[in-house]
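>>> sequence unavailable; structure follows:
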């Protein structure tokens with residue numbers, strides 16, 4: 001009788017088929033919410049006056065609002081023909097190259113200035129904001145000197161793009 005139970009005991013000793021890994025399986029960990037860690041500490045929370053005081057309205061300026069927006073769009077739109085014209089004409093014109101470099105530099109400066117304004121509010125980070133504004137001005141002047149040197153001592157922007165395109 002012991003020999004009759006031996007095959008059954010042997011079958012029960014093996015792992016069930018579901019436990020056998022026939023194909024490689026991907027194991028997924030359960031979702032865990034981790035603690036939020038900020039790169040920088042939160043800025044100072046400053047409340048001037050009381051909760052019932054009205055919000056001060058800043059004075060209007062021509063550098064803000066629709067005039068500023070219209071000037072930014074004018075610069076952006078002027079870059080389209082300035083980019084296409086040298087390639088369509090087939091010749092490199094230093095005046096068009098200088099206009100393209102100036103428009104590109106002004107467009108970049110306005111865009112980075114918007115980033116500084118958005119990410120470093122004057123009310124919360126006055127010293128960091130001033131430093132970033134002066135850093136942007138220095139970088140813009142450095143880029144202007146570099147573009148001028150590149151335009152006068154080398155082949156210029158459009159000729160460089162043509163050479164890179166054909167390479």
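Everything's here; your move. Note that the structure is predicted; figures quoted are calculated from it, not measured. Numbering: from 1, shown residues only.

>>> confidence score at the residue nearest to the spatial centre of the chain?
Per CA atoms, centre = their mean, the C-alpha nearest to the average position across the chain is that of residue 115, at 9.2 Å. pLDDT for residue 115: 95.

>>> over to residue 124?
At residue 124, pLDDT is 86.

>>> do you know how far the nearest residue to it once chain neighbours are set aside is from residue 121?
Nearest residue to residue 124 in three dimensions, chain neighbours excluded: residue 43, at 4.0 Å (CB to CB, 6 or more residues apart in numbering). (Glycine included, C-beta is placed from N, CA and C.) Residue 43 sits 8 Å away from residue 121, going by CB to CB, to the nearest Å.

>>> next up, phi/psi of residue 53, please.
Per-residue torsions, residue 53: phi -70, psi 140 (degrees, to the nearest 10).

>>> quick one, helices of the chain?
Here the chain has its helices, by DSSP state H, at 2-13, 66-89, 94-119, 126-153, 157-166.

>>> who wins for proximity to residue 51 among those?
helix 126-153 (23.6 Å; CB to CB).

>>> report the angle between the closest one and helix 157-166.
With axes from the mean of the first three to the mean of the last three CA atoms, to 10 degrees as the basis, helix 126-153 and helix 157-166 are set at 80 degrees to each other.

>>> how close does residue 160 sit to residue 97?
10 Å.

>>> which of the two has more neighbours?
residue 97 (21 against 14; other CB atoms under 10 Å).

>>> contacts only, for that one.
For residue 97, the contacting residues are 86, 151, 156-158, by CB atoms under 8 Å, 6 or more residues apart in numbering.

>>> can you list those in TSV and add neighbour count?
Output for these, formatted as TSV (neighbours: other CB atoms under 10 Å):
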residue	neighbour count
86	20
151	16
156	22
157	21
158	22
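
>>> so which of the helices of the chain is the most surrounded?
Highest mean neighbour count among those (mean count of other CB atoms under 10 Å): helix 94-119, with a mean of 15.

>>> that one to helix 157-166, inter-axis angle?
90 degrees.

>>> relative to helix 66-89, how tilted is helix 94-119?
Using the same axes, to 10 degrees: helix 94-119 against helix 66-89 is 140 degrees.

>>> and helix 94-119, how far from the chain's centre?
16 Å (CA atoms, centre = their mean, to the nearest Å).

>>> stretch 41-58 now?
That offset, for stretch 41-58, works out to 29 Å (CA atoms, centre = their mean).

>>> and stretch 55-66, by the same measure?
Distance of stretch 55-66 from the chain centroid (CA atoms, centre = their mean) equals 27 Å.
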